[in-house]
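Visitor: how would this look folded up:
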Amino acid sequence: MVDSLGDIFLSLSVSPEPQCLCGKAFAFFGLSWLIYTDKAGRIRDLKFQCEWRTPLANSAQAKKRARQAETRRQHNAGMRSMFRTYLKKVVYAVEAGDKAKAEDAYKAAVPVIDGLVSKGLIHKNKAARHKSRLNAHVVAM
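Guide: Here you go, the predicted model:
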């Protein structure tokens, strides 16, 4: 049984075979781990953390395209998250029964949805479907 952070790092960095740590099997392959301990320093939980890696590129052009693709992926992920947040604001206002708040949230969500369509992040039919369903819920209140 491993009791300290030093022991765990030593055992993970020395042996590439799976290790049994705190009842869970783990292997170290040059990737990072999240280690959770209690106040006494005993290990309570280990979690694997994997970062997105850019693909192997052989030419300067391919390296640049990989960098651009990663930047766009991160930007698009943030935009999709914002889209879902605006949808949730409308849904939560409808569930709460606050018609004024739901109407305001819907009016704020529509330009965001339309902007994502113009940027090509979502299809226009998907946007129309979301707007139609949200509007139906707001009107039915």
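
Visitor: could you list the domains of this structure?
Guide: Following automatic domain parsing, one gets these domains for the chain: 5-49, 60-139.

Visitor: can you show me the strands along the chain?
Guide: 19-21, 24-26, 32-37, 43-49 (DSSP state E).

Visitor: worst average pLDDT in the domains of the chain?
Guide: The minimum mean pLDDT among the domains of the chain belongs to domain 5-49 (a mean of 56).

Visitor: gap between the residue nearest to residue 89 when sequence neighbours are not counted and residue 99?
Guide: Spatially, and ignoring its direct neighbours in sequence, residue 89 is nearest to residue 105 (4.3 Å; Cβ to Cβ, 6 or more residues apart in numbering). Quick note: C-beta positions are derived from backbone N, CA and C, even for glycine. Relative to residue 99, residue 105 is positioned 11 Å away (Cβ to Cβ, to the nearest Å).

Visitor: for residue 138, same thing?
Guide: 7 Å.

Visitor: the two: which has the busier surroundings?
Guide: Neighbour tally, residue 138 and residue 99, criterion other Cβ atoms under 10 Å: the higher count belongs to residue 138, 18 against 13.
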